[in-house]
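A.B. asks: here is the input, now give the coordinates:
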Amino acid sequence: MDIYSEINSFLQKQDVNLVAVSKTKPVSLIQQFYNKGQRIFGENRVNELVEKHESLPKDIEWHMIGHLQKNKVKYIAPFITLIHSVDNVKLAKVVNKEAEKNERTINVLLQIKIGDESSKTGFDYEDLIEQIPYLMSLTSINIVGLMGMGTFTNDKEITQQEFGAMKSYFDKLKATRFKDNDDFTELSMGMSGDYKIAVENGSTMVRIGSLLFGNR
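C.D. replies: The predicted structure is shown next:
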């Protein structure tokens with residue numbers, strides 16, 4: 001069994017979606033995974049995402065998983081399936097505006113900052129709670145869950161703590177602010193080095209790149 005089949009089999013048993021992170025990888029390699037049955041691919045650069053969307057089969061679900069600049073939302077708004085990285089209110093407003101222009105509703109995840117690294121972005125959980133009513137008033141985005149990026153570390157205890165905190169945030173929001181929203185179901189966390197810990201802590205969607213495509 002190849003690594004893709006092994007990972008996919010494990011995730012399917014757990015009812016977890018695999019986002020194949022194809023950033024920097026050529027269309028030909030993505031097509032190979034498509035031919036194996038993979039339909040969800042994640043990119044973190046808008047220009048690359050647009051080019052690949054134009055070149056590959058149209059039943060692919062494209063996910064924006066990287067930091068998204070407000071001035072580039074317009075390029076992906078016509079086709080993006082899910083934006084994982086809505087990390088501030090201003091970005092949410094722009095996504096909503098571009099969704100309206102394209103007469104569609106765009107599914108988004110709210111990114112919460114759980115790692116200590118300065119490079120990580122995201123809402124502070126307490127601040128997010130205050131912003132939820134406004135975010136929910138934006139009628140052309142659909143908040144379907146949360147996303148978090150753990151600290152880049154080999155310390156599994158830190159990873160467990162951070163993913164455990166994410167699950168706690170998700171459960172609290174699901175039970176309160178989103179109790180009447182049946183679409184609020186997704187918890188995106190876990191990558192190549194920690195996806196099994198993420199799944200143990202309730203992840204519904206993992207973002208795996210290097211294990212599938214090799215190092216960049």
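A.B. asks: secondary structure class for the residue sitting nearest the centre point of the chain?
C.D. replies: Nearest to the geometric centre of the chain sits residue 84, at 3.2 Å (C-alpha atoms, centre = their mean). Classification of residue 84 by DSSP: H, G, I helix; E, B strand; the rest coil places it in strand.
A.B. asks: so how far is residue 214 from it?
C.D. replies: Computed as C-beta to C-beta, to the nearest Å, the residue 84 to residue 214 distance reads 22 Å. From N, CA and C alone the C-beta is placed, and that goes for glycine too.
A.B. asks: next one: residue 145
C.D. replies: Residue 145 is 29 Å from residue 214, by C-beta to C-beta.
A.B. asks: which one's more surrounded, these two?
C.D. replies: Counted by other C-beta atoms under 10 Å, residue 145 and residue 214 do not tie: residue 145 has more neighbours, with 22 against 9.
A.B. asks: I figured that one hits residue 188, correct?
C.D. replies: Yes: contact criterion C-beta atoms under 8 Å: residue 145 and residue 188 qualify, at 6.7 Å.
A.B. asks: what do these two both touch?
C.D. replies: Shared contacts of residue 145 and residue 188 (C-beta atoms under 8 Å, 6 or more residues apart in numbering): 109, 204, 205.
A.B. asks: ranking those residues by neighbours, who comes first?
C.D. replies: Going by other C-beta under 10 Å, residue 205 tops those with 27 neighbours.
A.B. asks: now do it against residue 62, distance only.
C.D. replies: From residue 205 to residue 62 the distance is 14 Å (C-beta to C-beta).
A.B. asks: list the contacts for the residue lying closest to residue 145 once chain neighbours are set aside?
C.D. replies: Of all residues not flanking residue 145 in the chain, residue 186 sits nearest, at 3.1 Å (C-beta to C-beta, 6 or more residues apart in numbering). In this structure, residue 186 makes contact with 109, 144, 145, 146, 204, 205, judged by C-beta under 8 Å, 6+ apart.
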